[in-house]
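Q: Pasting a predicted model and its sequence here:
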Number of protein chains: 2
Amino acid sequence: MKHFHRLATVLGILLVLVLTIFTAAQEEKDPLPSWNAGPRKKGILDFVRLTTDKSSPKVVPADERIATFDLDGTLWVEQPMYTQVIFMIDRVKELAPKHPEWKTAEPFKTILSGDKKAMDKLVFKDYETVVNATLAGMTVESFSDIMKDWFAKARHPRWNRPYTELIYQPMLEVIQLLRARGFKTYIVTGSGQDFVRAFAQKVFGIPPEQVIGSALKTRYQYDKKGKGILLRAPLLLLDDNFSDKPEDIYLFIGRRPYAAFGNSTGDRQMLEYTHAGGGPRLMMLVLHDDARREYAYGPAQGLPASKVGTFTQNLYDEAVNQGWLVISMKNDWKRMFAFEK
Amino acid sequence: MKHFHRLATVLGILLVLVLTIFTAAQEEKDPLPSWNAGPRKKGILDFVRLTTDKSSPKVVPADERIATFDLDGTLWVEQPMYTQVIFMIDRVKELAPKHPEWKTAEPFKTILSGDKKAMDKLVFKDYETVVNATLAGMTVESFSDIMKDWFAKARHPRWNRPYTELIYQPMLEVIQLLRARGFKTYIVTGSGQDFVRAFAQKVFGIPPEQVIGSALKTRYQYDKKGKGILLRAPLLLLDDNFSDKPEDIYLFIGRRPYAAFGNSTGDRQMLEYTHAGGGPRLMMLVLHDDARREYAYGPAQGLPASKVGTFTQNLYDEAVNQGWLVISMKNDWKRMFAFEK
C-alpha cells in the first residue's frame, strides 16, 4: 500500500512539472482566435488573468467563478426574430387547421397573416397567449419532442442553416476560455428555459442546470397508470428579462457573477448587478453593427420598441459611463460563425 | 514542445497504472463506515456499483448522475421543531420589543407565549406571515448576516451544540460516496433556500446553486447611491414541499434524479418522480425509530398533522410496495453524529 502511494506521489509531481513547462510553452497559443486585437480582446484576456492566475492579487476562489451570458443577440442571431418566436409561429401554423377560430382571434390572426409589420407590434403578452394555447397542457417530455423535431427541420431564412449553427464563434471562444479557467458558465435568457436547455449542452457545452430562462409552471400529476408526470401549466412562472435577470441569478445560483455578457436593455440589470459586486468584474455588450456579415441595429439604427430588449442610446451611454466594454461585431470579430472559412 | 508532450504522456500513463493498483487495493476500505451491514447499506453500494462502474451494463452517463436529498429529518435533526422554525421564533422574540402589537396579533401571540401545544397547531401559512413580517424587506446580504449571527449563537436544546453539528453522519457518507462517484448532489428542501445555502457548502460540501428550497421573490431595486440591490419581497415564490419538489427539480436541474432521499410525505412525490424514470434508481426514506439516540416518530408514533411532512403509515406502505428502502436509524446506523465517539 504505502510504496504505491509514494510512487504515485513522485510520478504525480513529475507529471505536474512537465505539464507546467508544457503549458507555459503553450501559452503563446491564442485562446480567442476569432477576435481581432484591440481593447475588447485585451479586456477579456486581462480579466481572465486577473481573476484566475494564482499569482494575481485579485484571484477569485474557484467556486465563486460565475459567468452569465444572455442568449439572443449575445450568443446567437436574434434576427429577423427571436428563434423561439419563429418556433412559436411555426407551431401556430402547424396547429391552425385544427383551430378555425384562430382566423379571427388575436394574436393568432396576425401570426397567421404573415404580415411582418403587424407582427412587430405583438408584445411579450401575446406570445404568452400563444405558448399557453399551443405549448402547455402537455408533459415536459412531449414538449421536448416537439422542439427536437423543429430544430431538426427549421432553417434560418438568410443562411439556410439550422439555427444552432448561427452562434457567434467569438463568444463560444469566450465561454470555452472562461470554462477552461474554472468558471461555471450560465445562460440567462428571456427565451424559454427548456427551449434553450434542448441544445445548450451540445452547442455551448452548458448543461441544463446552468440554463436559467423564462419558464412555465409545471404541475406534478398522475397519468392513467398512476405514474407521476410533469405537465406544463398555462402559467408563466419566470419571465427572465430586465430586473428578473439578477433576481433569477440569485434564485438559481445564489452568487453574484464575476462576468456578464448581454446585448440589450433586457440585460442592463444583470450587468449592473454584476458590476455592483466590486473588484475585478467584466461587463460586456455585443453591438450589432455589421450589416454585411450579420445585421445592424445598434443605437444608431433603432428597432421597434415592441422588442423585449434593444440596444438603446441610453444603454450605450450607461456602458460608456460605467466602463463596460462594447463589442463591435464589425471591428472586433475576425470571424462570425464557425461555418465561415 | 513535442518531447514534453511525449514525456507527460508516459508519466501520465504510469501514474494512472499506479493509481489503479492503489485504488484497487483501497477498495477494501468501507465508504460507509457509519452504516451497519444489511439490506440498506447493500442497497446503496449496489446502486453505486450498478450506475457508476464502467463495466456495468446500466452505467449512467456522468453528466446525468443527479442525486437529491431532503434536508429536515433526512440530513439533520428536525425535532423538537424544524431548525428554520426555531430561527424564526428567535427572530420574533428578538424583534418583539419593537412590536407591541404582536402581544395580541396571531401568529406572533402564540409564538411569544412559548406554549408548545399551541405552536404545534401553527401551519405553513402562519410561518409565511412571520417571514413576511420579520425577514422580508431587507437586502439578501442583510438576511445573510442575520442568519450567520444566529447560527453562530444558537444551540440545540437537547445536545447543546450548534445546529450544523446535528447532521447524520451516515447520510453525509452517502453524499460523499455519491459525489466521489461522479454524482451531482442536491438538497431539495421545504426549508428556505437561502437559509440552507448559508451552511450547505461548509457542512455538506454542497454549493449554493445545488440547494433548491422554498424562496421568497426578490426585487431588484436601486439604493440611494443608485447601486443595484436585491430586496427580499414579502411574497412566497416557491413552496418546495410535496408536488413542488419534482416541479422545482425540473425547474432548477431539468433532469430526473437517479437517487432520492427523504423522510416524510413532503418527499413522496420526489421519490415517485425519481422512481418513474425507470432503470437503476435508488429511493430511500429515513425512519426515525431511535428515541434513545435521536427521536422516534415513525408511523407507529405519530406526529401532529399540522407538520408539513410526516412519515405516515400510508407512505410506509407505498415504500414497501414500490421497493423503496426504509432506513431504520436504530438498526442501520452504527453512529448517528460525528461528535459521537
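A: Great, that's in hand. Please read all numbers here as calculations on a predicted model, not as lab measurements.

Q: In stretch A:140-158, which residues are buried?
A: A:V140, A:F143, A:S144, A:I146, A:M147, A:W150, A:F151, A:A154, A:H156 (16 or more other Cβ atoms under 10 Å in any protein chain shown). Using the backbone N, CA and C atoms, a C-beta is placed for each residue, glycine as well.

Q: would CSV of the residues you listed with distance to B:T104 be doable?
A: Shown next, in CSV, are the buried residues of stretch A:140-158 (distance: Cβ to Cβ, whole Å):
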residue, distance to B:T104
A:V140, 48
A:F143, 51
A:S144, 54
A:I146, 56
A:M147, 55
A:W150, 60
A:F151, 61
A:A154, 63
A:H156, 66
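
Q: Strands of the stretch 1-150 of chain A, residue ranges please.
A: Along the stretch 1-150 of chain A, the stretches classed as strands by DSSP state E, counting those that start in this stretch are A:66-69.

Q: Show the residue spans covered by the helices in it.
A: A:2-26, A:39-52, A:83-95, A:108-113, A:116-120, A:124-134, A:140-153 (DSSP state H, counting those that start in this stretch).

Q: Show me which residues of the stretch 101-250 of chain A sit near chain B.
A: A:140, A:184, A:193-194, A:197, A:201, A:207-209, A:211, A:215, A:217-220, A:227-230, A:237, A:243-244, A:246-247, A:250 (Cβ under 8 Å from any Cβ of the partner chain).

Q: Can you tell me the closest non-neighbouring residue to the residue of the stretch 101-250 of chain A found nearest chain B?
A: At 3.2 Å from chain B, A:P208 is the closest residue in the stretch 101-250 of chain A, using Cβ to the nearest Cβ. Spatial nearest neighbour of A:P208, chain neighbours left out: B:G254 (3.2 Å); criterion: Cβ to Cβ, 6 or more residues apart in numbering or on different chains.

Q: Against B:I13, how distant is that neighbour?
A: 37 Å (Cβ to Cβ, to the nearest Å).

Q: Looking at those two, which one has more neighbours?
A: Neighbours per residue (other Cβ atoms under 10 Å in any protein chain shown) separate B:G254 from B:I13, with B:G254 holding more: 23 against 12.

Q: Just checking: what are the partner strands of the host helix or strand of A:K217?
A: If you go by DSSP states H and E, A:K217 is part of strand A:211-222. Partner strands and pairing direction for strand A:211-222 (DSSP bridges) are strand A:184-192 (parallel), strand A:228-238 (antiparallel).

Q: Using JSON lines, lay out the ones you listed together with mean neighbour count and mean pLDDT.
A: Below are the strands paired with strand A:211-222 laid out as JSON lines (neighbours: other Cβ atoms under 10 Å in any protein chain shown; pLDDT from 0 to 100):
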{"stretch": "strand A:184-192", "mean neighbour count": "24", "mean pLDDT": "97"}
{"stretch": "strand A:228-238", "mean neighbour count": "18", "mean pLDDT": "96"}
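
Q: Just put those in JSON lines and tack on distance to B:K117.
A: Listed next are the strands paired with strand A:211-222 as JSON lines, based on distance: least, Cβ to Cβ, whole Å:
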{"stretch": "strand A:184-192", "distance to B:K117": "47"}
{"stretch": "strand A:228-238", "distance to B:K117": "36"}
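
Q: what's the weakest-modelled helix or strand in chain A?
A: Using mean pLDDT, DSSP states H and E, helix A:2-26 stands out as the lowest-scoring helix or strand of chain A, at a mean of 67.

Q: Could you pull up the residues touching the residue minimising distance to the centre of chain A?
A: Per Cα atoms, centre = their mean, the C-alpha nearest to the average position across chain A is that of A:L71, at 2.4 Å. A:L71 sits next to A:I187, A:T189, A:S191, A:V196, A:G213 when contact means Cβ atoms under 8 Å, 6 or more residues apart in numbering or on different chains.

Q: what does the model give the nearest residue to the second one once chain neighbours are set aside for pLDDT?
A: Once flanking residues are discounted, A:T189 sits nearest to A:L71: 3.9 Å by Cβ to Cβ, 6+ apart. At A:L71, the predicted lDDT confidence score is 98.

Q: In terms of helices and strands, where is A:N160?
A: Per DSSP H and E, there is no helix or strand for A:N160.

Q: That one: how many residues sit nearby?
A: 7.

Q: ok, it to B:G298 distance?
A: From A:N160 over to B:G298 (counting by Cβ to Cβ), the distance is 64 Å.

Q: One more: A:E318?
A: A:E318 is 59 Å from B:G298, by Cβ to Cβ.

Q: Which one's more surrounded, the two?
A: Shown here are A:E318 and B:G298; by other Cβ under 10 Å, B:G298 has more neighbours (25 against 16).

Q: ok, the more buried one - contacts?
A: Contacts of B:G298 by Cβ under 8 Å, 6+ apart are B:L287, B:H288, B:D289, B:F311, B:Y316.

Q: and it, that's in a strand?
A: No. According to DSSP: H, G, I helix; E, B strand; the rest coil, B:G298 belongs to no strand; its state is coil.

Q: Which pLDDT value belongs to it?
A: On the pLDDT scale, B:G298 gets 74.

Q: That one and B:F311: what is the separation?
A: 5 Å.

Q: anything in contact with each of those two?
A: B:L287, B:H288.

Q: Count the residues that sit near A:D317.
A: Neighbours around A:D317, by other Cβ under 10 Å: 11.

Q: Sort out which residues of the helix or strand hosting it are buried, please.
A: In this assignment (DSSP H and E), A:D317 forms part of helix A:313-322. For helix A:313-322, burial by neighbour count (16+ other Cβ under 10 Å) applies to A:L315, A:Y316, A:E318, A:A319.

Q: cool, stretch A:269-277 as well?
A: For stretch A:269-277, the neighbour count (16+ other Cβ under 10 Å) marks A:Q269, A:M270, A:L271, A:E272, A:Y273, A:T274, A:H275, A:A276 as buried.

Q: Now do stretch A:210-218, average pLDDT.
A: The model assigns stretch A:210-218 a mean pLDDT of 98.

Q: In the stretch 201-341 of chain A, where is pLDDT below threshold?
A: For the stretch 201-341 of chain A, the stretches with pLDDT under 70 are A:300-309.

Q: what ranges do the helices span in it?
A: A:244-252, A:268-275, A:313-322, A:329-332.

Q: Can you give the contact residues for the second one?
A: The contact list for helix A:268-275 (Cβ under 8 Å, 6+ apart) reads A:68, A:70, A:188, A:242-243, A:245-246, A:249, A:256-260, A:262, A:281, A:283, A:285, A:315, A:318-319, A:322, A:324, B:220, B:228, B:230.

Q: same question, the longest one
A: Outside of helix A:313-322, the residues that reach it under the criterion Cβ under 8 Å, 6+ apart are A:264-265, A:268, A:271-272, A:275, A:283, A:285, A:287, A:298-299, A:324-326.

Q: Most neighbours among those residues, which one is it?
A: Neighbour max across the contacts of helix A:313-322 (other Cβ under 10 Å) = A:L271, 29 neighbours.

Q: dump the residue contacts of the closest residue to A:V130 other than its chain neighbours.
A: Spatial nearest neighbour of A:V130, excluding adjacent residues (Cβ to Cβ, 6+ apart): A:M88 at 5.1 Å. Applying Cβ under 8 Å, 6+ apart, we find A:M88 in contact with A:Y127, A:V130, A:V131, A:T134, A:L135.

Q: Kindly report the same for A:L172.
A: Counting by Cβ under 8 Å, 6+ apart, A:L172 has contacts A:L75, A:F204, A:A338.
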